[in-house]
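[1] Need a 3D model of the sequence below.
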Amino acid sequence: MKVLAVVGAANKSGTTDQLVEVIMDNIEDAEKETIFLRDYQINPCIGCFNCIQTNRCTQQDDWDAIQSKLMDADVLVLGVPTYYSGVFPVNALTHLFLERWFALRHLGVKLKLKKIVLALVSASGQVDAAVNGLKAFFEGYHMLPEIEIITAQGTLPCMVCGAGETCEISAFTQAYGKGAKITPEILPALSKQPQIIEKAKQIAADIK
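    The predicted structure follows:
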């Protein structure tokens with residue numbers, strides 16, 4: 001069994017990276033690989049339809065190597081940060097990755113994935129747009145089975161930008177109230193979410 005993890009986070013070693021790492025570290029008896037989209041050049045789909053006959057995109061970027069890994073995988077673990085999560089389902093890197101799946105849709109499904117684990121990270125806690133969009137993408141457009149979802153609390157950008165306590169449009173003050181102070185104790189971290197870590201381990205244990 002081959003398990004491919006794809007991490008869509010732009011920032012290194014954040015909650016998305018950590019959540020995917022917990023899952024991957026606890027999968028046993030499998031060939032495992034993790035790729036980080038931030039390390040690849042992935043262009044947007046340009047709608048040229050050159051992929052229809054070959055199921056391969058003709059753009060000269062890193063997508064072809066990623067597609068080959070996808071087509072060889074039995075399980076996909078996808079780490080998804082949800083920027084502007086009340087409005088947009090996924091961040092730009094993840095969107096580019098999924099957009100290029102268009103080449104895989106022609107003349108029947110070209111993937112053998114038996115399971116997909118969506119590791120979502122949201123600072124605001126608003127994940128409905130991401131869950132609904134991703135389920136429609138995988139189940140509706142690509143007819144893939146068994147989608148499992150785990151969601152962790154991320155960090156509001158306003159908590160680490162340096163102006164979160166005073167900015168008039170700060171999401172931090174909107175959430176915690178004017179006059180609130182950003183302290184290490186209130187900064188979210190995966191280590192402070194033991195129930196999520198345990199769920200991640202259980203998801204990994206069920207991958208066989």
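[2] Mind pulling up the pLDDT for residue 108?
    Residue 108 carries a pLDDT score of 73 in this model.
[3] what sits against it?
    Contacts for residue 108 were tallied using Cβ atoms under 8 Å, 6 or more residues apart in numbering; there are none. Every C-beta, even on glycine, is put in place using the N, C-alpha and C of the backbone.
[4] For residue 102, see how far away it is.
    Residue 108 is 14 Å from residue 102, where distance means Cβ to Cβ, to the nearest Å.
[5] How about residue 73?
    When distances are taken as Cβ to Cβ, residue 73 and residue 102 turn out to be 18 Å apart.
[6] more crowded one of the two?
    With neighbours defined as other Cβ atoms under 10 Å, residue 73 and residue 102 compare such that residue 73 has more, 23 against 16.
[7] For the more buried one, give its distance to residue 115.
    Going from residue 73 to residue 115 by Cβ to Cβ gives 10 Å.
[8] What residues sit buried inside stretch 70-81?
    Buried residues in stretch 70-81, defined by neighbour count with 16 or more other Cβ atoms under 10 Å: 70, 73, 74, 75, 76, 77, 78, 79, 80, 81.
[9] Next: stretch 176-196.
    Of all the residues in stretch 176-196, those buried under the rule 16+ other Cβ under 10 Å are 176, 182, 188, 190, 193, 196.
[10] In contact with the second one, which residues?
    This means residue 182. If you count contacts by Cβ under 8 Å, 6+ apart, then residue 182 has 159, 164, 165, 172 around it.
[11] which SSE is the last one in?
    Pointing back at residue 172 there. In this structure, residue 172 sits in helix 171-176 according to DSSP states H and E.
[12] quick one: buried residues of the next helix-or-strand element following that helix?
    Using DSSP H and E, the helix or strand that follows helix 171-176 in sequence is helix 194-205. With burial defined by 16+ other Cβ under 10 Å, the residues of helix 194-205 counted as buried are 196, 197, 199, 200, 203, 204.
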